[in-house]
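Q: here is a sequence together with a model predicted from it:
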Amino acid sequence: AQSVSQHNHHVILSEAASLELGCNYSYGGTVNLFWYVQYPGQHLQLLLKYFSGDPLVKGIKGFEAEFIKSKFSFNLRKPSVQWSDTAEYFCAVNHFGGNQFYFGTGTSLTVIP
Amino acid sequence: EPEVTQTPSHQVTQMGQEVILRCVPISNHLYFYWYRQILGQKVEFLVSFYNNEISEKSEIFDDQFSVERPDGSNFTLKIRSTKLEDSAMYFCASTGTAQETQYFGPGTRLLVL
């Protein structure tokens, strides 16, 4: 069965620190990859996505992610976090041709001013 | 920007009661989804719906669950006889095509007592 692993459950950073959140998936076929963010009290919003092409994708608010097929990974990065980045971050995988999204357990990020 | 909306935002019910969670997907979208997130756990896929029928469902989506698109705008999730373990946040999502980004609603927090 497909699984999506996010190894960091809780991350606490100071403002201006760099961020990297890990995401690994288990499916061996073609996948579409997503990072969603859930700010406190709000719904899931898309940060960025990878369907094909350049494996380094840039999203909103300065986030980027790199798809490394050989490692089944799609890690999220941001060079300098802000207090407003405090949120829950979810990695999600969709099999090419399928409807279902598989989500990771989420990473809670707290940025200290 | 168009949004997915969900009502109610919160629902409290007694065990064994039926609940109907409502969603209004983005108007030109064709694929509709329900997910749930038990407190502290990952977002789990329940069901996808296209062309007035279920296209995929997970093991969670048993006979107690049903979905319906009663008119051109609403998409509902019914739980016939709620159990304590149905307490969760339920998210609706929609897409224009199967492979596109899923847009999520704000969720309905269901509490079964």
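A: Done, it's in. Note that this is a predicted model, so its numbers are computed, not measured.
Q: quick one, what contacts residue 105?
A: I went with chain A, as the question did not name one. The neighbours of A:T105, taking Cβ atoms under 8 Å, 6 or more residues apart in numbering or on different chains as the test, are A:5-6, A:9, B:41-42. No exception for glycine: its C-beta is placed from N, CA and C like everyone else's.
Q: you looked at the wrong chain, it should be chain B
A: Remark: with contacts taken as Cβ under 8 Å, 6+ apart, B:G105 is in contact with A:43, B:3-6, B:23, B:91-93.
Q: in which helix or strand does the most centrally placed residue in chain B reside?
A: Centre of chain B computed as the mean C-alpha position; nearest residue by Cα atoms, centre = their mean is B:W34, 3.3 Å away. When elements are assigned from DSSP states H and E, B:W34 belongs to strand B:31-37.
Q: now that strand - C-alpha only, CSV.
A: Taking C-alpha atoms only, strand B:31-37 is exported to CSV below (Å, rounded to 0.1, in the frame of the first residue of the first chain):
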residue,chain,number,x,y,z
TYR,B,31,-14.3,15.7,-9.4
PHE,B,32,-15.2,15.7,-5.7
TYR,B,33,-13.6,14.2,-2.7
TRP,B,34,-14.1,13.7,1.0
TYR,B,35,-11.2,13.3,3.5
ARG,B,36,-11.1,13.1,7.2
GLN,B,37,-8.5,14.0,9.8
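Q: now for it, which elements pack on it?
A: Using 3 or more Cβ pairs under 8 Å, 6 or more residues apart in numbering or on different chains; DSSP states H and E as the contact criterion, the elements in contact with strand B:31-37 are strand A:101-103, strand B:19-24, strand B:43-50, strand B:88-95.
Q: can you give me the end-to-end span of stretch A:63-71?
A: By Cα to Cα, to the nearest Å, the extent of stretch A:63-71 from end to end equals 20 Å.
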